[in-house]
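In: Output the structure for:
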Amino acid sequence: MDYKKCFEKFEDQNVFVKTTKVPAIDGNMKAALNRRGNILYNSGDIEGAKRIFLTTGYSDGLSRIGDYYKSEGRILDALRMYWIAPDHTKSEPIIVQLADLVKDLIHEEEDYPDE
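Out: Just a heads-up that it's a prediction; the model follows:
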């Protein structure tokens with residue numbers, strides 16, 4: 001299946017596709033990149049740090065990016081980072097919150113179907 005073709009229609013929506021292919025990075029390079037990502041994060045370059053942490057798969061860094069997004073009110077972006085990390089203790093409460101929101105919307109639609 002050509003995954004790129006399946007998701008072409010979503011290109012303008014800033015979505016991501018998680019794959020299981022991780023670039024081959026040796027341990028020394030990964031550690032150096034993670035240190036650089038931490039420097040970027042601590043200096044306020046969150047997006048630069050995010051790119052590095054996504055490349056290396058640095059779970060703690062991804063979780064911290066999620067924490068930053070959550071503090072900024074970017075709940076879905078936070079969930080993406082927690083999900084990729086994977087940090088279930090932080091992603092599950094957001095998932096429950098979103099599920100409750102969807103349930104409330106469904107019940108609201110059932111209560112007022114013709115509005």
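In: make it CA atoms for all contacts and neighbour counts henceforth
Out: Fine.
In: Tell me the pLDDT of residue 46.
Out: Here, the pLDDT recorded for residue 46 equals 98.
In: for it, what are its contacts?
Out: By CA atoms under 8 Å, 6 or more residues apart in numbering, the contact set of residue 46 is 40, 65.
In: The same query, at a cut-off of 10 Å, please.
Out: 37, 38, 39, 40, 64, 65, 68, 69 (CA atoms under 10 Å, 6 or more residues apart in numbering).
In: likewise residue 25?
Out: 31, 33, 55, 56.
In: What is the helix or strand harbouring the first one packed up against?
Out: Read that as residue 31. Under the criterion of DSSP states H and E, residue 31 resides in helix 27-42. Using 3 or more CA pairs under 10 Å, 6 or more residues apart in numbering; DSSP states H and E as the contact test, the elements touching helix 27-42 are helix 46-56, helix 59-71.
In: and if we set it to 6 Å?
Out: Using 3 or more CA pairs under 6 Å, 6 or more residues apart in numbering; DSSP states H and E, the elements in contact with helix 27-42 are helix 46-56.
In: got the CA positions of the helix it packs on in PDB?
Out: Extracted C-alpha coordinates of helix 46-56, given in PDB (Å, rounded to 0.1, in the frame of the first residue of the first chain):
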ATOM      1  CA  ILE A  46      10.800  24.000  20.800                       C
ATOM      2  CA  GLU A  47      10.200  23.200  17.200                       C
ATOM      3  CA  GLY A  48      14.000  22.600  16.500                       C
ATOM      4  CA  ALA A  49      14.100  20.300  19.500                       C
ATOM      5  CA  LYS A  50      11.000  18.500  18.400                       C
ATOM      6  CA  ARG A  51      12.600  17.700  15.000                       C
ATOM      7  CA  ILE A  52      15.600  16.200  16.700                       C
ATOM      8  CA  PHE A  53      13.600  14.200  19.200                       C
ATOM      9  CA  LEU A  54      11.300  12.800  16.500                       C
ATOM     10  CA  THR A  55      14.400  11.800  14.500                       C
ATOM     11  CA  THR A  56      16.100  10.100  17.400                       C
END
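In: so what's residue 24 scoring on pLDDT?
Out: 79.
In: rewinding a little: give me the contact list for the helix holding residue 31.
Out: The contact list for helix 27-42 (CA atoms under 6 Å, 6 or more residues apart in numbering) reads 49, 52.
In: Sounds good, over and out.
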